[in-house]
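Trainee: got a sequence here, can you model it:
(one chain, ligands or ions: 1)
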Amino acid sequence: MKYIDDLEAEDLKGTRVLLRLDLNAPVINGEVTDAYRLERVVETVDYLRSKEAKVIIISHCEGKESKTLVPMWHYLNGYFPVQFCTTFFTPESIDKLLNLEEKGVLLFENLRLNPKEEENDLEFSKKLSAMADIYVNDAFSVSHRNHASIVGIPKFLPHFGGLIMRQEIEHLSRVFKPEHPFVFIIGGAKFETKLPLIKKYLEKADKVFVGGALANDIYKEKGFEVGTSLVSKGNSEIADIAKNPKIIVCSDVTVKNKTGTVEFKAADKVLENECIVDAGPETLVELKSLLQDAKTIVWNGPLGNYEIGFQDKTESLAEIIAEATKNGAESIVGGGDTIASINKLGINHKFSFISTGGGAMLDFLVNETLPGIEALKS
Ligand code: 3PG
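Mentor: Sure thing, here's the model as predicted:
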């Protein structure tokens, strides 16, 4: 697989580069509220501009309030001048493409407004390819999707990985041959989707800490009351996982009852009318001692129900991992809510590597590759 910095400067000068980025960032009232992904792409665009390439950016976004990339366009304009094009394959877009100068940057509107993107329509990939001379995929975080702009375009254009792609692959791959003790921490919900990951890291890691709603299935398996907490549909493999001596779950939890009262209690003392919404303080003390000697720590997913405001235990965990990193652990973290907590605390620089990927990070950690990476290799 080749990367853009394998190209000579003369290969990029005046070259139309179709750059697939992941600009899918949260937006509230038209403003980007977490710019982590956007800040990461600046290095790649600056690199291409420094080589006098013509940069044509394509991306998707899945905003809850609107499906437009306009807020991301405004954000990136703070770093370099970016033109915006609302349509594909129209006189407007052709005109903008023809007039794009060296070092110029043109951003197209959300690819997913066209259903052909997610349908992985080959004709759509071909038409996108016709806009450029080469293709660069720097959208690691969406490379787990078999979409037209990810796996289709490399069939039609010379293709390269971008700088983010290189960093993601290099850092995440270190987890496949980790230094021990290795602690793998997984939170959030959806046990079924995270099952392959838990199974794989029960083999590779010394301890696997399962937090968030994922742990409720394990409590249930152990015969604990979980009240009204979120649980999965059930899976025959949970029993083996729950019994595995490497598995750790929260020893105490934060519960909320129907009247809204919140309290801490031992994980086996939850009542029928209570809902587990976060880890408890004892668990954080235990995590601190578990992580203090770790040499490798991987973390994805929050400990609490982020959407209803239970963020503080996730933030405490972020601080503990930052401290362990200072003491010599290699820390690799990722996932939307995980990154949000780190950003809020302003401690991004205290981790060895923060992945831009949520689902893509998890898929890569299970399969050691992604469809978008394979497409760049062929
Ligand atoms: C993400 O936010 O994880 C990526 O942008 C991929 O988005 P998707 O899950 O909507 O494909």
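
Trainee: for residue 349, give me the pLDDT.
Mentor: If you check residue 349, the pLDDT there is 96.

Trainee: swap in residue 64?
Mentor: On the pLDDT scale, residue 64 gets 87.

Trainee: give the contact list for it.
Mentor: Going by CB atoms under 8 Å, 6 or more residues apart in numbering, residue 64 touches residue 26. C-betas here are computed from N, CA, C, even on glycine.

Trainee: please identify the helix or strand for residue 97.
Mentor: Assigned by DSSP states H and E, residue 97 falls within helix 91-98.

Trainee: CA atoms only for that helix, dumped as CSV, please.
Mentor: Provided in CSV are the C-alpha atoms of helix 91-98 (Å, rounded to 0.1, in the frame of the first residue of the first chain):
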residue,chain,number,x,y,z
PRO,A,91,-22.2,22.8,-14.8
GLU,A,92,-21.6,24.5,-11.4
SER,A,93,-19.3,21.7,-10.2
ILE,A,94,-17.5,21.3,-13.6
ASP,A,95,-16.8,25.1,-13.6
LYS,A,96,-15.4,25.0,-10.1
LEU,A,97,-13.3,22.0,-10.9
LEU,A,98,-11.9,23.5,-14.1
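
Trainee: phi and psi next, for residue 86.
Mentor: Note on residue 86: its backbone torsions stand at phi -80, psi -20 [degrees, to the nearest 10].

Trainee: what pLDDT, on average, does the helix holding residue 97 get?
Mentor: 97.

Trainee: need the contact partners of it.
Mentor: For helix 91-98, using CB under 8 Å, 6+ apart, the contacting residues are 16, 56, 83, 85, 86, 87, 106, 108, 131.

Trainee: per-residue pLDDT, the residue in the stretch 1-150 of the chain that the ligand sits nearest to?
Mentor: For the stretch 1-150 of the chain, the residue closest to the ligand is residue 24, as judged by CB to the nearest ligand atom, at 3.5 Å. Residue 24 carries a pLDDT value of 96.

Trainee: what is the mean pLDDT for stretch 35-55?
Mentor: 97.

Trainee: to clarify, my last question referred to stretch 274-292.
Mentor: For stretch 274-292, the per-residue pLDDT averages 97.

Trainee: and it, how far out from the chain's middle?
Mentor: A distance of 24 Å separates the centroid of the chain from that of stretch 274-292, by CA atoms, centre = their mean, to the nearest Å.

Trainee: tell me the buried residues in the helix holding residue 97?
Mentor: 93, 96, 97 (16 or more other CB atoms under 10 Å).

Trainee: just the mean pLDDT for the following helix or strand past it, thanks.
Mentor: Later in the chain than helix 91-98, the nearest helix or strand by DSSP H and E is strand 105-108. Confidence for strand 105-108, expressed as mean pLDDT, is 98.

Trainee: any idea which helix or strand comes after strand 105-108?
Mentor: Counting by DSSP H and E, what follows strand 105-108 is helix 115-118.

Trainee: re the thing from before, give me the neighbour count for the residue of the stretch 1-150 of the chain closest to the ligand.
Mentor: The local packing of residue 24 (other CB atoms under 10 Å) involves 23 other residues.

Trainee: Three-state assignment for the nearest residue to it once chain neighbours are set aside, please.
Mentor: Nearest-residue entry for residue 24: residue 61, 4.6 Å, with adjacent residues in sequence omitted and distances by CB to CB, 6 or more residues apart in numbering. Three-state call for residue 61 (DSSP: H, G, I helix; E, B strand; the rest coil): coil.

Trainee: what's the pLDDT at residue 61?
Mentor: 98.

Trainee: quick one: the helices in the stretch 101-250 of the chain?
Mentor: 115-118, 122-129, 163-173, 191-204, 214-221, 238-243 (DSSP state H, counting those that start in this stretch).

Trainee: that's all I had, so thanks and see you.
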